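Enquirer: return atomic coordinates for the entry below.
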Amino acid sequence: MGKTGDVRRLLPLLAGLLLLPLLWQFPSNSHADNEIARLNVLLVTIDTLRPDRLGCYGSSIVGTPNIDGLAAEGIVFSRAFAHAPMTLPSHANILLGSTPPFHGVHDNNNFVVRDEYSTLAEYLKEYGYATGAFVGAYPLDSRFGLDQGFDVYNDDYERSHRQKITTAERRAEEVVDQAIGWLKARSSPWFLWLHCYDPHDPYDPPEPYKSRFGKNPYDGEVAYVDGALGRLLGFMGESPASGRTLIIFTGDHGESLGQHEEETHGFTAYSSALWVPLIVSFPGSTAARVPQYVSHIDIFPTVCDILRLEKPASLQGRSLLPLIKGGRLPQKPVYFEALYPYYSRGWAPIRGFIGRKKFIDSPLPEVYDMDSDFDELRNLARTEKLDRYRAELERIIEALSSPGAARAEERLDRASLEKLRSLGYISSGPIAKKEEFGPEDDVKTLLPFNNRAVEAMELAKKGKTREGIEMLKKVIEEARTLDSAYYNLAVLYETQDRIPEALETLRSGMEAIPSSYELFFNYTGLSLKAGLFDEVIRAVKESGFPQAESDPELLNDLGVAYSRTGDLDKAIAIYNQALALDGKYPALYNNLGTAYLALASRKKDSRALGRSLESFKKAIDVDPQYPLPHNGLGMAYRQAGNLEAAIFCWEKALGLDPDFRPVLYNLGRAYMDRADFRRALSYFEKYRQKYAGSLGPEEKEGLDSLIKACEAKIGG
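Expert: Take a look at the predicted model:
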């Protein structure tokens, strides 16, 4: 660890030395009580933020003056923990005040927060608060249910045809700008939740941070986020909200950065992934440091106590107000889990608890003394009575659990499910998850192999594709249940146009790991690219994955398969169902427009033609830089008899993609119809120059005939 580790090991001592008595107490007169009750609430969550990158946590690595300034006026909790190292479950824990065994959200993408659970936003709305949320990335998209209770839930990150939905994000400064705009129109009281995603990988800070932190881009992203937050805190200081706002600052989880063989997060549950900053500041509070172990679920009840509101019965945390006032609370174990590998990859689950000692339950169990070994370098499991720890963990989970937790895996309401089943492609039963695990399934066993699978892709990026393929084959031999090795190998085969081998690799992976949705998704996507449309339909029909009912990308692929087999009505129904799940997906609108256009042509249906025009326009509204809907819109206008509008759309498409093959031909024909033969000839000649080598004999003969016709008209 070096100097950073030394600083972190000194923190408990420093925290004890810096713990100061607080001067703040509740005002006693009724007018002051009312003012406290009307405090605004600002919750700031920074994704993937390690406390040891913040000056207020003893670091000199980055320089975070704005966060440090907030800490200088507030209470810094030196030992705060997340309950899960993933974005969606961590924010569910914060906003619901309960743990995953209670609300059922254990991972990103695979779960939703159900309506029956009340968020902090819903609770504060009951007391007259305006509520706004501004989030930075897809894992917190409104579709996952955390929008409950917010008047405004701004997840308007840019949606591009070039980007997978799951990687959509936006910079902190954009999130801050939107939040400030909302605040300017607010009068007290309000609750604002602001989430910045930037420290999340891939690390790519903007300038000047990119140059300043060239060798450590993660640190650059932390510094950048601090700068962006400075604008928000500066605005707050100059606004009427100054001196009337409760501010809570935290991270959703940490980042391993190579510790315990984990480069990022999600796989393990060590301190590097679960330790988070927590700072609380409000009018009348005095700067202090609190060394006691606390957690995310303590935030909701703390807000209630500071605002003097009755706490909901569903809260599983406890108010930190006694600690803020200089007292102590009995130590309570902090439950945690790391279930992304279990739900998404079929690896052994990780659960545990943090007390004076930390217990990590897995096929290869671990016990650490947190006071003397916070970085978890010395596993004490061999010298401890593990049955006692397992019994304690079982008791903790039982106490935290609720009967409705399993419903978080249900994506759609009953009506939507019946509609999808009526389309004839959803299977009746779910994929069975493996429940018995051995050391070979332990994250610690599989993570090094996963790292080698990543290393193989890096080799391929450097032009060493053959070496990458051989490395992945060896990884699969040694770790048959490693899903990433299979789909990475399939990707490399695909880059070499070895499609049958890529498909066979994915099929082998699905046989070895039937619970891996990622393998299934890659298989159906590659089958679609290969033109195996009936196979896509068969695979989805026979799958038991819940995502088959709710993944817009999979539904989009399925719609394309039905469309290409001629079943346009079914394709249109599936596209519309997918758009009900994601109304900001440009490819869906484009494909829906294409299906309606084909239906209009087949049936001479003017209503279908109108819907085609409407769908292409929506695709362009979502992503103006997307060439396909511009071309489709041109085709629809051409079919509607509006040649000028068609030409305009095709010229726009060609401007976005100069190599857009169909557009060159379409423009040539359109200008011929307009008797502008010189322009028509220029497009036909460009078409021949670019694509003559790939034309069949009949296509080439037809193109030559068009060129001769234009030349004859020009010469005549």
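
Enquirer: any low-confidence regions in the stretch 201-350 of the chain?
Expert: Counting by pLDDT under 70, not a single residue of the stretch 201-350 of the chain qualifies.

Enquirer: tell me the strands in it, going along the chain?
Expert: According to DSSP state E, counting those that start in this stretch, the stretch 201-350 of the chain carries its strands in the segments 245-251, 275-281, 288-295, 334-338, 350-354.

Enquirer: okay, the ones you listed, which one's buried deepest?
Expert: strand 334-338 (a mean of 26; mean count of other CB atoms under 10 Å). (Each C-beta comes from the backbone N, C-alpha and C, glycine too.)

Enquirer: run the angle between it and strand 288-295 for me.
Expert: Using axes from the mean of the first three to the mean of the last three CA atoms, to 10 degrees, the inter-axis angle of strand 334-338 relative to strand 288-295 is 60 degrees.

Enquirer: hang on, the earlier thing: relative to residue 692, which of the strands of the stretch 201-350 of the chain is closest?
Expert: strand 334-338 (56.3 Å; CB to CB).

Enquirer: name the helices or strands packed onto that closest one?
Expert: The elements that strand 334-338 packs onto, with contact taken as 3 or more CB pairs under 8 Å, 6 or more residues apart in numbering; DSSP states H and E, are strand 288-295, strand 350-354, helix 386-400.

Enquirer: mind checking which of the ones you listed is nearest residue 502?
Expert: So among the helices and strands packed on strand 334-338, strand 350-354 is nearest, using CB to CB, at 31.8 Å.

Enquirer: what's the single longest helix in this protein?
Expert: If you go by DSSP state H, the chain has its longest helix at helix 217-238.

Enquirer: that helix to strand 245-251, inter-axis angle?
Expert: If you take the same axes, to 10 degrees, helix 217-238 sits at 180 degrees to strand 245-251.

Enquirer: alpha carbons only: can I get helix 217-238 in PDB?
Expert: Presented in PDB, the C-alpha positions along helix 217-238 are these (Å, rounded to 0.1, in the frame of the first residue of the first chain):
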ATOM      1  CA  PRO A 217      -6.900   9.100 -14.300                       C
ATOM      2  CA  TYR A 218      -9.100   7.900 -11.400                       C
ATOM      3  CA  ASP A 219      -7.600  10.600  -9.300                       C
ATOM      4  CA  GLY A 220      -8.200  13.100 -12.100                       C
ATOM      5  CA  GLU A 221     -11.900  12.200 -12.100                       C
ATOM      6  CA  VAL A 222     -12.100  12.700  -8.300                       C
ATOM      7  CA  ALA A 223     -10.400  16.100  -8.700                       C
ATOM      8  CA  TYR A 224     -12.800  17.000 -11.500                       C
ATOM      9  CA  VAL A 225     -15.900  16.100  -9.500                       C
ATOM     10  CA  ASP A 226     -14.700  18.200  -6.600                       C
ATOM     11  CA  GLY A 227     -14.400  21.100  -9.000                       C
ATOM     12  CA  ALA A 228     -17.900  20.600 -10.400                       C
ATOM     13  CA  LEU A 229     -19.300  20.400  -6.800                       C
ATOM     14  CA  GLY A 230     -17.600  23.700  -6.000                       C
ATOM     15  CA  ARG A 231     -20.000  25.300  -8.400                       C
ATOM     16  CA  LEU A 232     -23.000  23.900  -6.600                       C
ATOM     17  CA  LEU A 233     -21.700  24.700  -3.200                       C
ATOM     18  CA  GLY A 234     -20.800  28.200  -4.400                       C
ATOM     19  CA  PHE A 235     -24.300  28.700  -5.700                       C
ATOM     20  CA  MET A 236     -25.800  27.400  -2.400                       C
ATOM     21  CA  GLY A 237     -23.600  29.800  -0.400                       C
ATOM     22  CA  GLU A 238     -24.900  32.800  -2.300                       C
END
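
Enquirer: leaving out chain neighbours, which residue sits closest to the residue most central in space within the chain?
Expert: Central residue of the chain (CA atoms, centre = their mean): residue 139, 2.7 Å from the mean position. Excluding its sequence neighbours, the residue lying closest to residue 139 (CB to CB, 6 or more residues apart in numbering) is residue 87, at 4.1 Å.

Enquirer: who's in contact with the one you found?
Expert: Residue 87 sits next to 47, 108, 137, 139, 140, 200, 252, 253 when contact means CB atoms under 8 Å, 6 or more residues apart in numbering.

Enquirer: by pLDDT, give me the weakest of the residues you listed.
Expert: Lowest pLDDT of these: residue 108, 88.

Enquirer: still on that earlier bit, let me have the strands of the stretch 201-350 of the chain in a markdown table, extended by distance to residue 581.
Expert: What follows is the strands of the stretch 201-350 of the chain, written out as a markdown table (distance: least, CB to CB, whole Å):
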| stretch | distance to residue 581 |
| --- | --- |
| strand 245-251 | 29 |
| strand 275-281 | 31 |
| strand 288-295 | 32 |
| strand 334-338 | 27 |
| strand 350-354 | 30 |
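
Enquirer: returning to that earlier point: from residue 265, how far off is the residue nearest to residue 139?
Expert: 9 Å (CB to CB, to the nearest Å).

Enquirer: which neighbours do those two share?
Expert: Shared contacts of residue 87 and residue 265, defined by CB under 8 Å, 6+ apart, are found at residue 253.

Enquirer: circling back to that earlier point, list the buried residues for the longest helix of the chain?
Expert: 217-233, 235-236 (16 or more other CB atoms under 10 Å).

Enquirer: of the contacts of residue 87, closest to residue 656?
Expert: Using CB to CB, residue 137 is the member of the contacts of residue 87 that lies nearest residue 656, at 25.9 Å.

Enquirer: for the closest one, which residues are in contact?
Expert: Applying CB under 8 Å, 6+ apart, we find residue 137 in contact with 47, 87, 157, 168, 169, 170, 195, 197, 200.

Enquirer: which of those residues fall in helices?
Expert: Among the contacts of residue 137, the members found in helices (DSSP H) are residue 87.

Enquirer: okay if I get the contacts of residue 137 as TSV plus distance to residue 80?
Expert: Shown next, in TSV, are the contacts of residue 137 (distance: CB to CB, whole Å):
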residue	distance to residue 80
47	16
87	17
157	28
168	29
169	25
170	27
195	17
197	20
200	19
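
Enquirer: let me know which of the helices and strands packed on strand 334-338 is the nearest to residue 537.
Expert: Closest approach to residue 537 among the helices and strands packed on strand 334-338 (CB to CB): strand 350-354, 37.0 Å.

Enquirer: who does the closest one pair up with?
Expert: Strand 350-354 has the following strand partners under DSSP bridges: strand 334-338 (antiparallel), strand 357-361 (antiparallel).

Enquirer: ok now whatever helix or strand comes next after the last one, how far from the chain's centre?
Expert: Spelled out, that is strand 357-361. Proceeding N to C from strand 357-361, the next assigned helix or strand is strand 366-369, under DSSP states H and E. Centroid separation between strand 366-369 and its chain, computed with CA atoms, centre = their mean, to the nearest Å, is 31 Å.

Enquirer: so where's this structure shaky on pLDDT?
Expert: The low-confidence ranges in the chain, as defined by pLDDT under 70, are 1-37, 410-432, 716.

Enquirer: can you list the domain ranges for it.
Expert: 40-332, 658-716 (automatic domain parsing).

Enquirer: and the longest one, end to end?
Expert: So that's domain 40-332. Its start and end residues considered, domain 40-332 measures 29 Å (CA to CA, to the nearest Å).

Enquirer: mind putting the strands paired with strand 350-354 in a markdown table, distance to residue 590 included?
Expert: Putting the strands paired with strand 350-354 into a markdown table (distance: least, CB to CB, whole Å) gives the following:
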| stretch | distance to residue 590 |
| --- | --- |
| strand 334-338 | 38 |
| strand 357-361 | 47 |
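
Enquirer: which among those strands is found nearest to residue 404?
Expert: strand 334-338 (17.8 Å).
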